[in-house]
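Enquirer: sequence first, predicted coordinates after that:
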Amino acid sequence: MLNAKLKPHGCIHPLSRKELTSDLPVETLYLPSRLILRLQQHSGAPALPVVKVGEQVKAYQIIARGNGRMSVPVHSPLAGEVTEITSGNKPSIIIKVSAEQSQVSPLQLLEELPERDAMLSLVEQAGIVGMGGAMFPAADKLRMSLRHNIETLIINGSECEPYLTVDDRLMREQGEQLLGGIKFIQQITKAQHVYIGIEDNKPEALARMDALCADEPTVDVVALPALYPMGSAKQMIEAITGQQIPRGKRSTEMGVLVQNVGTSIAIFNAVRFGRPLTHRVITVSGGAIERPSNLMVPIGTPVSEIIAFCGGLKNKPARMVMGGPMMGKAFTDLHEPITKGSSGVLLLNEDELPSPRPSACVRCGRCVDACPMSLAPLEMVAELKIDNFDTAKKMGVNECLLCGSCSYVCPAAIPLTEYFDWGQQELYRQRLAEQKTKRTCLNSAARRERLEREAQAREAAKAAKAAQSGNRRASRRVAVTEEKTS
Ligand code: SF4
Ligand code: SF4
């Protein structure tokens, strides 16, 4: 086992709260009564339904196909009846789950391992996306990495978000499948060396993976200091290899590919068994849940059914979060479903939340020290507060990971990360609006040119016609004159 080469810049020590679930083996929630399958569980356009309301579907059946770039198919995790297909800002297919279960075809162990392109195609057909939360299509990420010479593959087992213990349990319980997935990714990318980065607050996972990799000459397990956000690709690469990824560069451009633990296991299941991504492990935790748990659930399971499975609520939570407390998204609707990128459901009490009352900045500089991207949060916020988006952009607001470290350490409880999230969205909207204006200008210039060309062509045709009829008149006059003289 290796140790980290260096401690990355910034980083904080938030209260981990992992002890609530880290020793609890993964249980399975088999049959929720219904599933709400979002059609957008990836970075591209929403998938297109290929089933109709009233149709009976089987487990693993494809119910929506990918729709262009960065879009992946959606499969039904269970057999049931399609009761609704909704549109709007969260288009979904809703399935009433049957008591009797059937699946499209039995899972098969592939006789021979496929070639690289066939492996990528299996990953694509399985609808696999980054399961750490980014939901970037896995096949696209792997294909994009092939444009570069990938020398190093890093498996991100840091799981630095407080409360979450999904990757910890997966490494302890499904280490063989993880190693299988690593080998497939290594075959696809031709990475010469693999590092499995695990924070040192997961001693069992470190020991398990180290034992499994003992006879693997190209795979090393690295113990990382438990810091937040160690799971961010740039921080992890710096800690393991000592290599810094310059601003504006992708890690793949520097020959390093980072993959999540759950995604690597999903790749193993797709390539080895032809199995689509229909289930995932989540951590259910927080002071308001009766029985904190690690659960394997069908994707699409509503939070209400997960809470019921975990013994219900002790009290009304002060906040519900999908994902970790630092980067997860707060939600209020108990029917919110689990997606491919949901790593946890947190039901938090008031005493688990930051102070709700922000005060004035005391210019302590703690946010600057905490920022893993070496940004100046207090100055960026000052620019965003006066709508000075261009200056905030120059200061690097788009580089912000939205990791929440600055907000966490701020003694004035200023919601810095919320400002940066809003700033990035605003800059994105401005970029789209600029692109639209540019497209409109180009289209109207092209239309003007076309109209001018058509007008010129009409004029030329008219002139040619006039010249033709002039010639005919002249020939007739010559003919008449010749007739008279003869
Ligand atoms: S941590 Fe908060 S109070 Fe301190 S400088 Fe940053 S914004 Fe101001
Ligand atoms: S949220 Fe952004 S600005 Fe704040 S610490 Fe993280 S990367 Fe830095």
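Expert: Sure, I can see it. Ligands and ions are numbered 1, 2, ... in the order given.

Enquirer: which parts of this structure sit against ligand 1?
Expert: By C-beta under 6 Å from any ligand atom, the residues of the chain that approach ligand 1 are 361-367, 377-378, 409-412, 414. All C-beta spots, glycine's among them, are computed from the backbone N, C-alpha and C.

Enquirer: ok, 5 Å please
Expert: Residues of the chain lying close to ligand 1 by C-beta under 5 Å from any ligand atom are Cys361, Val362, Arg363, Cys364, Arg366, Cys367, Leu378, Cys410, Ala412, Ile414.

Enquirer: out of these, who's the most crowded?
Expert: Within these, most neighbours by other C-beta atoms under 10 Å means Cys367, with 27 neighbours.

Enquirer: list the contacts of that one.
Expert: Pro377, Leu378, Ser405, Cys406, Ser407, Val409, Cys410, Leu416 (C-beta atoms under 8 Å, 6 or more residues apart in numbering).

Enquirer: again, but for Gly44
Expert: Gly66, Asn67, Gly68, Arg69, Met70, Ser71, Val72, Pro137.

Enquirer: using CSV, lay out those residues together with pLDDT and secondary structure.
Expert: CSV is the format used below for those (pLDDT from 0 to 100; DSSP: H, G, I helix; E, B strand; the rest coil):
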residue, pLDDT, secondary structure
Gly66, 94, coil
Asn67, 92, coil
Gly68, 87, coil
Arg69, 86, coil
Met70, 90, coil
Ser71, 93, coil
Val72, 95, coil
Pro137, 96, strand
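
Enquirer: got a quick PyMOL command for the buried subset of the residues you listed?
Expert: Those of the contacts of Gly44 that count as buried under 16 or more other C-beta atoms under 10 Å are selected in PyMOL with:
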select buried, resi 66+67+70+71+72+137
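
Enquirer: rebuild the contacts of Gly44 as CSV, extending it with distance to ligand 2.
Expert: Shown next, in CSV, are the contacts of Gly44 (distance: C-beta to the nearest ligand atom, whole Å):
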residue, distance to ligand 2
Gly66, 31
Asn67, 32
Gly68, 31
Arg69, 27
Met70, 24
Ser71, 28
Val72, 28
Pro137, 25
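
Enquirer: now the host helix or strand of Val82: mean pLDDT?
Expert: Using DSSP states H and E, Val82 falls within strand 80-86. The average pLDDT within strand 80-86 is 97.

Enquirer: can you list contacts of it?
Expert: Contacts for strand 80-86 (C-beta under 8 Å, 6+ apart): 34-35, 49, 51-57, 63, 91-98.

Enquirer: with stretch 122-138 instead?
Expert: So stretch 122-138 is in contact with 41-44, 66, 70-75, 114, 139, 141-142, 156, 231, 260, 262-263, 266-267, 269-271, 274-277, 280, 323, 327-328, 339-343, going by C-beta under 8 Å, 6+ apart.

Enquirer: repeat that for 7 Å
Expert: 41-43, 70, 72-75, 114, 139, 142, 156, 260, 262-263, 266-267, 270-271, 274-277, 280, 323, 327, 340-341, 343 (C-beta atoms under 7 Å, 6 or more residues apart in numbering).

Enquirer: buried ones only from those, please, as a PyMOL command.
Expert: With 16+ other C-beta under 10 Å as the criterion, this PyMOL line picks the buried residues out of the contacts of stretch 122-138:
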select buried, resi 41+42+43+70+72+73+74+75+139+142+156+260+262+263+266+267+270+271+274+275+276+277+280+323+327+340+341+343
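
Enquirer: could you find the closest non-adjacent residue to Ile93?
Expert: What sits nearest to Ile93 in space, not counting adjacent residues and going by C-beta to C-beta, 6 or more residues apart in numbering, is Leu37, at 4.8 Å.

Enquirer: I'd assumed that neighbour was in a strand, is it?
Expert: Yes. Assessed by DSSP: H, G, I helix; E, B strand; the rest coil, Leu37 belongs to a strand.
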